[in-house]
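Novice: Starting from these lines, generate the structure:
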Amino acid sequence: MSSEVPLITNPAKNLLKSGEPVFGFNVFESLRPSVAKIAAQTGYNMMLVENEHVLHNDETLTNFLVIARDNGLSPAVTVLEPSRHIVSRVLDAGALGICLSHAETPAQVEALARWMKYAPAGERGLAMGANVDYAEAAAARYCKEANEATLLILKIESWRGVENAEAMLSNEWVDAVVFGPGDLAAKMGFHGEWEHPEVVAAMEHVIEIALSRNLPVEPAVYPKDRREYQRQRERGIQLFGSFRSPEYNLLRQAASQAMSIYR
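Specialist: Residues are numbered from 1 along each chain as shown. Modelled structure (predicted):
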């Protein structure tokens, strides 16, 4: 067994591979050191940086990805399309995972894997920067380790994505599945009804496929108490925390709680 220190590690992926839960913190706007540090201090393992509904300065995003990694977190970034100029640059900036929004077809998954993975598995271009903590590294070993370390996450949020879930999840590089219940509900004709029985049933269909393949997946409805969390863990669910809600929802909840004694 090699005693070499890995050139790149992904704490969240290591937890998932060992069957442990991962707690995600979804960030829309607050790409600040304090957010990464507090997330790590409070037990989150992963930062999911929203890149669909907000605009980020490239330098600020790079700084945040580096800070997250320096605090033991696994930063992943959502992307709208599996294109080279987005996927490869985000990974080179320090992301340890890519979450494909509106995942709907096997072709999208194949394209995402192509730009996430180095040859011979894919066609990602090689650069040594934030992605390898600015350290000198042997290219061959780094590329091999990076291919294994990066997380490929699918976000299913349409009926087409539900219908094609089995084909998409059959791709060997898929690591995890999350949902966009807001968009899924709207596209199914239930705007704002994230927990409508038909919407939940659609997510449950995908969950069953994921579990049958031993793929980490989030629950259709997040647990509201410890008992429900334990039940979902026993079922095999691994992704929890705040993968769906932005950080300002957590801020609103805490601010409202702080004000509650005055009302």
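Novice: what's the closest non-adjacent residue to residue 146?
Specialist: residue 8 (5.2 Å; C-beta to C-beta, 6 or more residues apart in numbering). C-beta: built from backbone N, CA, C; applies to glycine.
Novice: and that neighbour, that one's in a strand?
Specialist: No. Counting by DSSP: H, G, I helix; E, B strand; the rest coil, residue 8 is not part of a strand but coil.
Novice: what residues are up against it?
Specialist: Residue 8 makes contacts with 96, 131-133, 142, 145-146, 149, as judged by C-beta atoms under 8 Å, 6 or more residues apart in numbering.
Novice: switch to 7 Å and redo it
Specialist: Contacts for residue 8 were tallied using C-beta atoms under 7 Å, 6 or more residues apart in numbering; they are 132, 142, 145-146, 149.
Novice: quick one, strands of the protein?
Specialist: 22-27, 46-49, 74-79, 97-100, 151-156, 176-179, 239-242 (DSSP state E).
Novice: of all those, which lies closest to residue 125?
Specialist: Closest approach to residue 125 among the strands of the chain (C-beta to C-beta): strand 97-100, 15.0 Å.
Novice: Residue 221 is in contact with residue 200, isn't it?
Specialist: Yes. Counting by C-beta atoms under 7 Å, residue 221 touches residue 200, with 6.4 Å between them.
Novice: In terms of neighbours, single out the busier of the two.
Specialist: residue 200 (19 against 15; other C-beta atoms under 10 Å).
Novice: hang on, the earlier thing: find me the pLDDT at the residue nearest to residue 146, would you?
Specialist: Residue 8 carries a pLDDT value of 93.
Novice: and what of residue 1?
Specialist: At residue 1, the model reports a pLDDT of 44.
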